[in-house]
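Asks: Return a 3D structure for these sequence lines:
(chains A and B)
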Amino acid sequence: MTADHVEDLDAFRERARAFIGEHLRRVGPVALSIRNERTDEEEQAAVARDREIQRMLFDAGLAGICVPREYGGQGLTPAHQQALNDELAGYEFAMRIQVPTFTPCLAVLLEFGTEEQKQRHIPAILKGEEIWMQLLSEPSGGSDVAGALTSAIRDGDEWVLNGSKVWTTGAWWSDWGLCLARTNWDVPKHRGLTVFMVPIHQPGIEVHRIEMLNGNREFCQEFLTDVRVPDRDRIGEVDEGWTVGTRWMFHERMLYNSPLVTIPSGTPRGSAGNASALVTARNAGRLGDPTVRDLIGEDRTLDLVGQALQRRIGEGIATQTMSGQASAIGRVFGGVATTRRLTIAFEIAGAAGAAWCDDDGELVHCGNDFLMRQTSCIGGGTTEMARNVISERLLGMPRERTLDRDVAFREVPRSASSRERERLLERGAKTGGSP
Amino acid sequence: MMLEPSPDQQLFRQTTARFLDEHAPVGELRRLRDDPAGFDEKYWRRGVELGWTSPLVAEQHGGGSISGDGLADLTLVAYEFGRHAAPGPLVPSNVVAAALSAAGSDAHGALLADLLSGASIASWALGEPAPNHRLGSVALDVRVDGADVVLTGVKRPVESAGEADHLLLTGRTGAGLTQVLVPTDAAGVTVEPMATVDLTRRFGRVTFDDVRLPSEAVLGEVGGAGQQVERQLQIALVLLAAESVGAMERGFDLTVEWAFDRYTFGRPLASYQALKHRFADMKVWLEASHAIGDAAAAAVASGSPDAGELVSAATAFLGDHGSELLQDCVQMHGGIGVTFEHDLHLFLRRHTVNRALYGTPAEHRQRIADLVEQRETAAA
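Replies: As a prediction, the model looks like this:
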């Protein structure tokens, strides 16, 4: 096989099918949900199985379909990835290693990493040995990521990081993080950022688990105290972190449309759970109610339209018939459709949405899912930010006026709590101690 | 519209687009407002020569598609019809042509040839007045009497009924559906024009008063046309969806342009975040409409088992969100958006008619619930 030989799509599909049939377990519909469903032990076992699946895919030549061969990938096309996804329908997959490990983290490494960085990490990711997180959002603000307050100060061949990152899914079982930090406070905010690779489990990083209102504890917050990072683990140039950051955001918005991601076709996305409105209606004993049947029809319509739209956008971006910014369209639709579908489920559940018994079937989820409804419009960048992207980047409408563009970041007005944190950080930096 | 039509398909679409630019400009649409037929015969014939009625007809019957997927090709024409709010009985002509090609006997060959040349206009008579006006409800009586069939009942709305020389009538014989090809000059057929919101589409109420025809007029099996009718419905809905997407897109384009041109308080409308976010939502609905329309077309073309569900999902989604989109376009324009002088209403009209013709969004949601339940029951 020569380096530029591209495997025939049908042969690839056959190979994928044979592997899947032999090595993977058939499962019922799996949803990417943030319900409170597993104990820590169960979660750890699931992570271990995901690593195992990833390793088997690697050994079978089915990991990193669109990743170049020199980094352990297959060097194939998005069509091959789609074929693998189609063949995986109905089977288990390495759910926890897709987002954010493959996109945006691996995507950013591919685009901006040095040869040495890529050789060190990409094959390890493809083998399931490294699970990655994004150390991106901060307690001071979610949408304004370029306003990061986590600081990195140079000390010889090393950098010293201090600050806090938040909304890292599963950081407690992950290995590495991509971290956006401020390296210059005296230039406008986009020009003083730098990106680093950081091992998560080390003395300087304290991982706190955040309890969500439904009891889920998969989201984490990290406190970084004098974390020392060698300069060779810097991604991109010093103070050029936003060049990396804009592509990072792009790869983040691609989510499950990214050709780097392996996910069985038809997997429900977002927090809608895996029950169709029909099952909810049957469990609620309301299948014969015409108003409920209208809701079942609406639920299924949103499901089908969402699938068709995500496929169209994925293809459009992959073939460059659409701008990469079009991923914001899928983001808004996914968020809004999910909130509506959770509302439909809650409506169908009736009083069981407020109080339920263990034997109420799918109805047991409806109340908490409804309380958590807005997560689909918040996580991964709010729908408001995506609407800005659509109107400004796709329709070309004027950008929103901001007050932080042409001033030193130090002078930018910010929330009272952020100013206090910054004061503490600066004092810590000056005295060389922790804040 | 398809994301990546082939070069041949692009050429096919552009040929229709240029023809409509020239022969169906907005001034012409306004002129046709008072025309009883709503389109010129010569216009229709020339359009038919571009291939408007041939993609769903088999090659051995004189038809043929450019890509091998005639329905996909035809959605490109329908999309341009929507973008231009174009006149002419595109959907019913193609439904009848497809039905004749699929199930017609030699007795119907002459009519098919005339549909392909534009010499004849034919339409589909499916809908009925209350109490049989709901989607899927057909009551018009088709009775077998010796070597004849006898038709009794009323159909409405029948597109271009006044211009059609033949109607493909869907009626009922006992428990099953029967389809009959009825010459509109047959004894007992009466056509009354109906009023409509579209400027150039025309609809009629057709009364069948003991219309007696030889049994050769029956298309397919007496009482056994259920699948044929479902197929016709799916084709009609796919074409209407493509047309509606075109109308939505044109209305949206006009409104985006307006948002840049129109200044208020010293700023263009396009600079207000409150409005930008609404444009973003409209863009999402528009892109989703393209996606579900094409997914439905592909499923119908390949005869996929989920075709019925996808077609109804497309119809329900485009019905609701297309109306929201176009009415929001009117809102963005302010008062000028509800004047006859402005072009926006041409596209609002076309979408509005399409939304109501072959089942409302609510009716399609009920149909989806039925299909989902059947599927899940069968799987269990």
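Asks: Skipping its backbone neighbours, what lies nearest residue A:368 in space?
Replies: residue A:214 (4.2 Å; C-beta to C-beta, 6 or more residues apart in numbering or on different chains). All C-beta atoms are positioned from the backbone trio N, CA, C, and that covers glycine.
Asks: Please name the residues that touch that neighbour.
Replies: Residue A:214 makes contact with A:34-36, A:368-369, A:371-372 under the criterion C-beta atoms under 8 Å, 6 or more residues apart in numbering or on different chains.
Asks: same question, residue B:9
Replies: Taking C-beta under 8 Å, 6+ apart as the definition of contact, the neighbours of residue B:9 are B:2, B:66-67, B:72-73, B:76.
Asks: now the helices for chain B?
Replies: B:7-23, B:26-32, B:41-49, B:70-84, B:90-103, B:109-117, B:226-261, B:273-302, B:307-333, B:344-357, B:361-379 (DSSP state H).
Asks: ok so, going back, can you pull the pLDDT of the residue nearest to residue A:368?
Replies: Here, the pLDDT recorded for residue A:214 equals 91.
Asks: Where does it sit: helix, strand or coil?
Replies: Secondary structure assignment for residue A:214 (DSSP: H, G, I helix; E, B strand; the rest coil): coil.
Asks: Next, work out how far apart the residue nearest to residue B:185 when sequence neighbours are not counted and residue B:180 are.
Replies: Here the nearest residue to residue B:185 in space, its sequence neighbours aside, is residue B:165; by C-beta to C-beta, 6+ apart that works out to 7.4 Å. Using C-beta to C-beta, to the nearest Å, one obtains 15 Å as the distance from residue B:165 to residue B:180.
Asks: okay, the two: which has more neighbours?
Replies: Taking residue B:165 and residue B:180 together and counting by other C-beta atoms under 10 Å in any protein chain shown, residue B:180 has the greater number of neighbours (25 against 14).
Asks: you'd agree residue A:354 is up against residue A:368?
Replies: No. Proximity of residue A:354 to residue A:368 does not meet the contact threshold set by C-beta atoms under 8 Å, at 11.1 Å.
Asks: Neighbour count for these two, which is higher?
Replies: Using other C-beta under 10 Å, the more surrounded residue of residue A:354 and residue A:368 is residue A:368, with 20 against 11.
Asks: Check the secondary structure at that one for me.
Replies: Criterion first, three-state DSSP; result for residue A:368: helix.
Asks: For chain A, which segments count as strands?
Replies: With DSSP state E, the ranges of strands along chain A come out as A:132-135, A:151-155, A:158-169, A:176-182, A:193-199, A:205-209, A:219-230, A:234-235.
Asks: would you list the helices of chain B in CSV and tack on mean pLDDT?
Replies: Below are the helices of chain B laid out as CSV (pLDDT from 0 to 100):
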stretch, mean pLDDT
helix B:7-23, 97
helix B:26-32, 97
helix B:41-49, 97
helix B:70-84, 98
helix B:90-103, 96
helix B:109-117, 94
helix B:226-261, 98
helix B:273-302, 98
helix B:307-333, 98
helix B:344-357, 98
helix B:361-379, 94
